[in-house]
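*Asks:* From the sequence below, what's the structure:
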Amino acid sequence: MSSLLTGVKAKMYIFAHRRARGVLDGEYASIFRGRSLDFDDLRDYVPGDEVRDIDWKATARVGTPLIKRYVATRRQQVLFVADTGRNMAATSRGGQIKKDIAVMVMGVIGLLACRHGDSVALIHGDSNATAALPAKGTESHVENVLRRMDAASEDSGRSELCTQLEYAATHIKARTLLVVVADELAPNERLAKVLRRLNAQHEILWVEIADAILAGPGAVHGSAGRSRGSLDKGATASAHLASGWAGTEVMATDVEGERQVLLLLANDPELARSYAQAAAERSQGLAELLRTQGIAMTCVGATEQVMTAVFALLERHRRAR
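*Replies:* Below you'll find the model as predicted:
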């Protein structure tokens, strides 16, 4: 059985050169408050490091900026709250399966956590059940976390992230960095309520895996795979695009309702406008809810975007504190 974590490491090397990885390390370390007081050694400064950590005397001696490193006196915990319902088996905006992008996101953050001596935990599930993995700080444990995410399939239960968030609010008492990895969600009072509870106790980052576009000029056409998108105001569908489509008509299977629907795609301007309006309203609604809670968010549509998106998310969270 191939290692998911090995695949994440390979992509990190492909999509981020050495300097960029150093920046990512610096951004991860800077999001926590009060990491340590015990001096350890010095290292080269990389963009993203805190200016207050520069050792100015040592910098003057060697002629290049040096950062003071400290021995961690207390560990931090990263808690992933992930949707492993059937929506994560849908096709993303970039054409990949959503769970593959989620694995990359969780792998990058999980590796950063291990590298800094922090532990990683997981809460995941669907509408049928919620499960948890306790916090550990090893790469083998991160691999187990990724395998739980990778297990999401068309046979999983209906996606219902609020159930997993409510589980976290009830069971997780120690302060954590809570990283939500989710399908596109429509905001509602249930979601707002549980976020208020979690935000009072934890630091929260939100990673949204973007839907495929099902109508209009950017629509997916004639490719097998599951897709999810808004077809009219307030309505969403997750679809299995069948091969052998004719013209602009594609027969699809609605994941959530498990019914057949006919998608009239690129040549239907009215449907395209309705789709775009519904998708924009849902996206804006969630973004506004998270903004009012002070929660940093990023949207990712392909694995190639993960490194840049994670870096920007960590930076945005650090600056917002």
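
*Asks:* element containing residue 144?
*Replies:* Under the criterion of DSSP states H and E, residue 144 resides in helix 139-150.

*Asks:* Need the residues that contact that helix.
*Replies:* For helix 139-150, the external contacting residues (CB atoms under 8 Å, 6 or more residues apart in numbering) are 3-5, 8, 80, 82, 84, 88, 99-100, 102-103, 106-107, 110-111, 113-114, 120, 122, 124, 131, 133, 181. (Glycine included, C-beta is placed from N, CA and C.)

*Asks:* Just the buried positions in it, please.
*Replies:* Using 16 or more other CB atoms under 10 Å as the test for burial, helix 139-150 gives 139, 141-146, 148-150.

*Asks:* Out of the contacts of helix 139-150, which sit inside helices?
*Replies:* 4-5, 8, 99-100, 102-103, 106-107, 110-111, 113-114 (DSSP state H).

*Asks:* Any chance of TSV for the residues you listed, columns distance to residue 283 and neighbour count?
*Replies:* Formatted as TSV, those follow (distance: CB to CB, whole Å; neighbours: other CB atoms under 10 Å):
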residue	distance to residue 283	neighbour count
4	29	21
5	31	22
8	27	23
99	21	25
100	22	18
102	18	29
103	23	28
106	22	28
107	25	26
110	27	27
111	29	19
113	29	24
114	33	20
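
*Asks:* Pick out whichever of the residues you listed sits closest to residue 280.
*Replies:* residue 102 (23.2 Å; CB to CB).

*Asks:* Look at residue 187 and give its secondary structure.
*Replies:* Of the three states, residue 187 takes coil under DSSP: H, G, I helix; E, B strand; the rest coil.

*Asks:* a helix runs through residue 179, doesn't it?
*Replies:* No. Under three-state DSSP, residue 179 falls outside any helix and is assigned strand.

*Asks:* Helix or strand: which one has residue 168?
*Replies:* Residue 168 belongs to helix 161-171, assigned by DSSP H and E.

*Asks:* so what pLDDT did the nearest residue to residue 169 once chain neighbours are set aside get?
*Replies:* Closest residue to residue 169 apart from its sequence neighbours, by CB to CB, 6 or more residues apart in numbering: residue 197 at 4.4 Å. The model reports residue 197 with a pLDDT of 96.

*Asks:* Can you say which helix or strand has residue 197 in it?
*Replies:* Per DSSP H and E: helix 189-199 holds residue 197.

*Asks:* quick one: that helix to helix 161-171, angle?
*Replies:* 30 degrees (axes from the mean of the first three to the mean of the last three CA atoms, to 10 degrees).

*Asks:* Next, the contact list for residue 157, please.
*Replies:* Applying CB under 8 Å, 6+ apart, one finds that residue 157 lies in contact with 85-86, 125-129.
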